[in-house]
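Asks: build me a model:
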Amino acid sequence: MPFILRDENGKIYRASARHLIDAELVPHNHPDVIAFLQNRGQDPSYVKDALEELRRTDNEMSRAVEDVVMVLLKKNLFKMTDLPKAVQDRMAHRVKMRVLIQDIYDQASGSKG
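Replies: Predicted coordinates for the structure are as follows:
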């Protein structure tokens with residue numbers, strides 16, 4: 001969602017994907033944002049397409065980050081307890097689900113590990 005600054009007439013004069021002091025946070029598809037981009041010669045569909053691509057790759061990126069965290073943990077560059085509790089819980093749950101999946105495949109294949 002972009003941060004926007006409005007003039008005294010309520011018209012957007014600045015928009016940013018990064019935080020702006022005293023800015024209003026609005027959806028990318030807000031009519032005022034669309035009009036601002038179009039009036040400034042920008043095609044809002046590029047933002048829409050980029051957002052769709054980010055959403056499409058979220059699962060892949062999530063797995064990549066998970067793999068990086070696991071490598072860093074194995075190399076003892078940090079401990080699981082260094083992570084916020086909510087992240088620890090998510091990571092533990094994901095590890096549990098991956099072990100469950102592997103166990104199912106191992107049992108179906110008649111092997112253990």
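Asks: OK, contacts around the residue nearest to Asp43 when sequence neighbours are not counted?
Replies: Distances taken as CB to CB, 6 or more residues apart in numbering place Leu37 nearest to Asp43, at 7.3 Å, with adjacent residues excluded. No exception for glycine: its C-beta is placed from N, CA and C like everyone else's. Neighbour list for Leu37: 15, 43-44, 47 [criterion: CB atoms under 8 Å, 6 or more residues apart in numbering].
Asks: in strands, which of these fall?
Replies: Members of the contacts of Leu37 lying in strands (criterion: DSSP state E): Ala15.
Asks: among the contacts of Leu37, which ones are in helices?
Replies: Judged by DSSP state H, the contacts of Leu37 include 44, 47 as members of helices.
Asks: now tabulate the contacts of Leu37 in TSV and tack on neighbour count.
Replies: Listed next are the contacts of Leu37 as TSV, based on neighbours: other CB atoms under 10 Å:
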residue	neighbour count
Ala15	21
Asp43	10
Pro44	15
Val47	17
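Asks: ok, the closest residue to Asp22 other than its chain neighbours - contacts?
Replies: Once flanking residues are discounted, Asp22 sits nearest to Leu5: 7.1 Å by CB to CB, 6+ apart. Taking CB under 8 Å, 6+ apart, we find Leu5 in contact with 12-15, 20, 22-24.
Asks: check the spacing between Leu5 and His28 real quick.
Replies: 16 Å (CB to CB, to the nearest Å).
Asks: show me the shaky parts of the protein.
Replies: Residue ranges of the chain with pLDDT under 70: 112-113.
Asks: tell me the SS of the spatially most central residue of it?
Replies: The residue lying closest to the centre of the chain (CA atoms, centre = their mean) is Asp58, at 6.3 Å. At Asp58 the chain is in helix, as set by DSSP: H, G, I helix; E, B strand; the rest coil.
Asks: now Ile21
Replies: coil.
Asks: what's around it, how many residues?
Replies: 6 (other CB atoms under 10 Å).
Asks: gap between it and Leu5?
Replies: 9 Å.
Asks: leaving out the residues flanking it, which one is nearest to Val47?
Replies: Closest residue to Val47 apart from its sequence neighbours, by CB to CB, 6+ apart: His28 at 5.5 Å.
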